[in-house]
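> Okay, structure incoming, though there's no sequence with it:
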């Protein structure tokens with residue numbers, strides 16, 4: 001369930017509520033729902049029906065974005081289980097590692113080292129993959145929502161690092 005709207009996005013797209021989903025099925029359901037409920041198809045209807053179509057279309061877009069993103073999809077599952085977003089502090093070791101990542105990125109940027117940034121990007125891609133697997137095991141196999149919440153928080157840090165690296169690469173390559 002999305003905490004803001006109370007909508008079960010998995011149900012909306014006809015998917016089992018699991019972390020490991022078929023992204024192609026999500027894409028097909030999204031396209032089908034958008035075709036059926038797009039506001040442009042309701043221009044000849046009453047203002048009330050047009051507003052409902054617009055809201056439904058907006059919910060479909062929000063749901064699609066939420067389920068496409070591994071961190072957000074995991075959070076949807078945690079919310080469906082009635083658990084709050086994790087407030088557990090990340091370990092000192094993880095936070096120190098994040099500082100080391102930022103320092104390595106900054107060093108590569110300052111020396112205009114595209115090769116180093118690309119290597120960091122590959123290392124980060126591996127970290128993301130491992131963390132996504134950890135989330136899948138925690139949610140799909142063990143129903144360990146507390147561990148999953150911590151993993152989601154870590155994954156969000158990795159996503160910020162990915163954005164930082166991609167931005168740095170774009171700046172250096174242009």
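That came in fine, so what should we check first? Note that this is a predicted model, so its numbers are computed, not measured. Residues are numbered from 1 along each chain as shown.
> Show me which positions of the longest helix along the chain end up buried.
Using DSSP state H, we find that the single longest helix of the chain is helix 145-173. By neighbour count with 16 or more other CB atoms under 10 Å, helix 145-173 contains the buried residues 145, 147-155, 157-159, 161-162, 164-165, 168-169. Glycine gets a C-beta too; all of them are placed from N, C-alpha and C.
> Show me what that helix is packed up against.
Packing partners of helix 145-173 (3 or more CB pairs under 8 Å, 6 or more residues apart in numbering; DSSP states H and E): helix 70-80, helix 92-110, helix 114-136.
> per-residue pLDDT, the residue most central in space within the chain?
Closest residue to the average C-alpha location of the chain: residue 69 at 2.5 Å, with CA atoms, centre = their mean. pLDDT, residue 69: 97.
> same deal with residue 132?
98.
> okay, now it: neighbour count?
Residue 132: 19 surrounding residues under other CB atoms under 10 Å.
> wait, isn't it in contact with residue 69?
No - counting by CB atoms under 8 Å, residue 132 stays clear of residue 69, with 10.8 Å between them.
> Tell me, please, the helix or strand in the protein that averages the lowest pLDDT.
Within the chain, no helix or strand scores below helix 47-68, which has a mean of 90 by mean pLDDT, DSSP states H and E.
> Now do that helix: which elements does it pack against?
The contact analysis (3+ CB pairs under 8 Å, 6+ apart) places helix 47-68 against helix 9-12, helix 23-37, helix 70-80.
> Can you mark which positions in it are buried?
By neighbour count with 16+ other CB under 10 Å, helix 47-68 contains the buried residues 53, 56, 57, 59, 60, 62, 63, 64, 66, 67.
> can you list contacts of that helix?
The contact list for helix 47-68 (CB atoms under 8 Å, 6 or more residues apart in numbering) reads 2, 5, 7, 9-10, 12-13, 15, 21, 23, 26, 30, 33-34, 37-39, 41-43, 45, 72-73, 76.
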